[in-house]
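Colleague: After the sequence you'll find the predicted model.
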Amino acid sequence: MLNVAVVGVFPFTAVSGTYVASGSFNGGAWIPPQGWTGPPPPDYTPPPPPAVYTDVRATIPATNQTVEVGKVQVVGHDANQPPGSQDTFMLDDSTLAWGQATDPRNGGQINVAKTQSLPGVGPIDNGAFLTALAAQPEPAHSPWPWVLGGAAAVLVVGLGTWVVVRRRKAAADDDGLVGGSA
């Protein structure tokens, strides 16, 4: 069970019979004292959300590479971990990473010692997952769906116009016959 009243980032992995998804949410709440009923007091101020940094360079010593991460949230710091792995990060709302925050501000840098692609359940590696993820090319967008969709739209409009013109012509011919026989 999670105590999401604690301020922080909570990474998760959801699994069903047809999908696997990972992400995170922010925790933090007012915890009422024993016997309290009702809403928080008027002077209660919610905790600020955890810091979010954008476009941060992540250096992965195991692969001797640096990649750019679009969104970094600091999950926490654990001084009991080995030096270089004491900071925990959530990268792009999907990958948990351990390393060192050298300069996590926007456009800054972090060092990544380990990654876990499925937070809490996936395998932990030496950061190679992040390197492999960054090396994936952007999916190629084929023009064929647009071409086929456009052709279908032109066909539907053309067919609709043809039906309207034929009905108007038939109505005009019927008016002419009725008017001519009178």
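Modeller: Good, I have the coordinates.
Colleague: number of nearby residues for residue 14?
Modeller: Neighbourhood size, residue 14 [other C-beta atoms under 10 Å]: 11. Every residue, glycine included, has its C-beta placed from N, CA and C.
Colleague: Let me know whether my guess that it is in a strand holds.
Modeller: Yes: checked against DSSP: H, G, I helix; E, B strand; the rest coil, residue 14 lies within a strand.
Colleague: That one is in contact with residue 22, isn't it?
Modeller: Yes: shown here, residue 14 and residue 22 form a contact pair, counting by C-beta atoms under 8 Å, at 7.5 Å.
Colleague: distance of the nearest residue to residue 119 once chain neighbours are set aside from residue 29?
Modeller: Distances taken as C-beta to C-beta, 6 or more residues apart in numbering put residue 11 closest to residue 119, at 3.5 Å, once the chain neighbours are dropped. Between residue 11 and residue 29 the computed distance is 18 Å (C-beta to C-beta, to the nearest Å).
Colleague: same check, this time on residue 53
Modeller: Per C-beta to C-beta, residue 53 is found 24 Å from residue 29.
Colleague: Which one's more surrounded, those two?
Modeller: residue 53 (20 against 13).
Colleague: Leaving out sequence neighbours, find the closest residue to that one.
Modeller: Closest residue to residue 53 apart from its sequence neighbours, by C-beta to C-beta, 6+ apart: residue 72 at 4.5 Å.
Colleague: pLDDT at the residue nearest to residue 119, what is it?
Modeller: On the pLDDT scale, residue 11 is placed at 78.
Colleague: what about the residue nearest to residue 65 when sequence neighbours are not counted, which SS state?
Modeller: Of all residues beyond its chain neighbours, the one nearest residue 65 is residue 131 (5.2 Å), with distances taken as C-beta to C-beta, 6+ apart. Secondary structure assignment for residue 131 (three-state DSSP): helix.
Colleague: Residue 131 contacts residue 61, correct?
Modeller: No: with contacts counted by C-beta under 8 Å, residue 131 stays clear of residue 61, the gap being 10.8 Å.
Colleague: Tell me which of those two has more neighbours.
Modeller: Each of residue 131 and residue 61 has its neighbours counted (other C-beta under 10 Å); residue 131 has more, 20 against 13.
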